[in-house]
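Student: how would this look folded up:
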Amino acid sequence: MPGFITHYLFGCETVKNIEEKNISNIIKENKKAFSLGLQGPDVFFYFPYSFTGNKKRLASVMHVYDTGKFLHNLIEQVSRLDDYNRNIGIAYVLGFLGHYSMDTKCHPYIYYRTGYLNKGKDYFGKHTDFETDIDFLLLDKLKGKSVVDFRQEKTIRLDSNSTRIIAGVLNNACKKTYPFIKSSNKLMEITIKSFYYSNGMLNDKKGYKKRALSMAEKLVFGNVSAAPLFMVANKDMVWEDPLNEKRTEWKNPWDLNIKSRKSFMEIMDEAKTYYCTLINNVGNELVKNKDIDFDLLDGLIGNNSYHSGLDCRIPS
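Tutor: A predicted model of the protein is given here:
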């Protein structure tokens with residue numbers, strides 16, 4: 001999963017190309033709901049599944065199982081909202097489609113570059129370091145900012161009504177798609193708030209928190225896992241050429257016949273084109289809000305794994 005900042009920047013850059021004024025206005029008026037949507041299923045890494053008796057982690061399930069069905073159900077739930085709240089739901093689901101667009105296009109590159117084919121216990125830390133390097137570079141390239149000057153939690157600071165509306169559509173869509181996962185509107189609200197507060201803790205200008213957690217993780221687990229998530233000033237690049245500006249060949253780890261030399265920025269542009277198509281079609285169908293053409297939308301969205309970019313019926 002490209003990092004928080006990368007997903008946010010991707011969504012903001014794509015929206016600039018949306019010609020449908022009614023859709024772009026809905027996004028602008030509900031920017032924080034849209035921004036939360038851009039984080040997609042990653043929000044559910046903060047879902048308190050261990051307290052509900054769930055044996056599977058919702059975020060992990062959502063990345064690789066019935067992805068198209070979930071998005072279908074999410075769109076359907078948004079279409080049922082009343083006129084007063086529908087635009088909140090529309091902005092959120094359009095953001096969620098941005099996460100789907102970005103992950104399905106960019107993730108194979110990230111998994112290949114981070115050595116997924118020969119992964120060990122330290123893989124998650126490597127993956128996170130790589131994505132944090134990309135966050136750092138993109139924020140500087142596109143906004144001229146350092147990561148410590150970007151308070152990512154402020155982009156998703158929802159009011160109580162927006163939190164309630166989004167929690168409701170998420171809960172209903174999850175229950176329809178993943179009935180084996182126990183959830184409720186309240187748990188979804190807790191998840192959204194946990195995601196907000198946790199991201200607020202990641203700003204670490206002097207690197208004290210990152211160093212402390214790194215030492216603790218090495219002591220307890222023998223490797224670093226979550227520490228790379230902290231945003232520090234003057235970050236040293238862990239990986240060489242994370243944006244693949246040298247055009248080194250990479251492959252899809254789940255189908256090694258799929259090869260490319262595209263840079264990360266080129267993959268991102270490809271994802272933008274796809275995302276614009278989804279925004280225009282899904283947005284227009286939800287705005288008219290009657291006789292939604294789900295055959296059209298299901299065909300455009302597909303049913304792809306957030307990891308491999310391939311049909312999620314292929315294990316990933």
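Student: Please count neighbours and contacts with C-alpha atoms only from this point.
Tutor: Noted.
Student: and the residue nearest in space to the middle of the chain, how far is that from S308?
Tutor: What sits nearest the mean C-alpha location of the chain, by C-alpha atoms, centre = their mean, is Q39, with 3.4 Å. Counting by C-alpha to C-alpha, to the nearest Å, the separation of Q39 from S308 is 18 Å.
Student: what sits against Y274?
Tutor: S101 (C-alpha atoms under 8 Å, 6 or more residues apart in numbering).
Student: what's the helix or strand for it?
Tutor: helix 264-288 (DSSP states H and E).
Student: picking that back up, tell me the pLDDT at the residue nearest to the centre of the chain?
Tutor: Note for Q39: predicted pLDDT of 96.
Student: can I assume it is in contact with F4?
Tutor: Yes: counting by C-alpha atoms under 8 Å, F4 is a contact partner of Q39 at 6.5 Å.
Student: helix or strand for the spatially closest residue to G3 that is not a sequence neighbour, which one?
Tutor: Nearest non-adjacent residue to G3, counting by C-alpha to C-alpha, 6 or more residues apart in numbering: E131, 5.3 Å away. Under the criterion of DSSP H and E, E131 resides in helix 123-143.
Student: And that helix, what does it pack against?
Tutor: Packing contacts for helix 123-143, counted by 3 or more C-alpha pairs under 8 Å, 6 or more residues apart in numbering; DSSP states H and E, involve helix 4-15, helix 86-113.
Student: outside of the helix or strand just after that helix, which residues touch it?
Tutor: Downstream of helix 123-143, the first helix or strand assigned by DSSP H and E is helix 160-177. Contact with helix 160-177 is made by 33, 66, 69-70, 73-74, 77-78, 85, 88-89, 92, 181-186, 188-189, 192, as judged by C-alpha under 8 Å, 6+ apart.
Student: Any chance of the backbone angles for the nearest residue to E285 once chain neighbours are set aside?
Tutor: Using C-alpha to C-alpha, 6+ apart and skipping the chain neighbours, the partner closest in space to E285 is I292 (5.6 Å). Dihedral angles phi and psi of I292 (degrees, to the nearest 10) take the values phi -60, psi 130.
Student: So what's the predicted local confidence for I292?
Tutor: Value listed for I292 in the pLDDT field: 94.
Student: Any regions of the stretch 151-300 of the chain where pLDDT drops low?
Tutor: Across the stretch 151-300 of the chain, the ranges flagged by pLDDT under 70 are 200, 202-211, 213-214, 217-237.
Student: Can I get stretch 34-48 as PDB, trimmed to CA atoms?
Tutor: Provided in PDB are the C-alpha atoms of stretch 34-48 (Å, rounded to 0.1, in the frame of the first residue of the first chain):
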ATOM      1  CA  PHE A  34     -12.800  12.400   0.300                       C
ATOM      2  CA  SER A  35      -9.400  12.300   2.000                       C
ATOM      3  CA  LEU A  36     -10.400   9.600   4.400                       C
ATOM      4  CA  GLY A  37     -11.700   7.600   1.400                       C
ATOM      5  CA  LEU A  38      -8.300   7.900  -0.300                       C
ATOM      6  CA  GLN A  39      -6.900   5.800   2.500                       C
ATOM      7  CA  GLY A  40      -9.200   2.900   1.500                       C
ATOM      8  CA  PRO A  41      -9.000  -0.400   3.500                       C
ATOM      9  CA  ASP A  42      -5.800   0.800   5.300                       C
ATOM     10  CA  VAL A  43      -8.100   2.500   7.800                       C
ATOM     11  CA  PHE A  44      -9.100  -1.000   8.900                       C
ATOM     12  CA  PHE A  45      -5.700  -1.900  10.200                       C
ATOM     13  CA  TYR A  46      -7.000   0.100  13.100                       C
ATOM     14  CA  PHE A  47     -10.200  -1.900  13.400                       C
ATOM     15  CA  PRO A  48     -10.300  -3.500  16.900                       C
END
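Student: now that stretch, how far from the chain's geometric center?
Tutor: Its chain's average C-alpha position is 7 Å from that of stretch 34-48, according to C-alpha atoms, centre = their mean, to the nearest Å.
Student: which residues touch that stretch?
Tutor: Contacts of stretch 34-48 (C-alpha under 8 Å, 6+ apart): 1, 4, 7-8, 11, 27, 57-60, 62-63, 91-100, 155-156, 187-188, 190-192, 194-195.
Student: Which residues belonging to that stretch are considered buried?
Tutor: 34-44, 46-48 (16 or more other C-alpha atoms under 10 Å).
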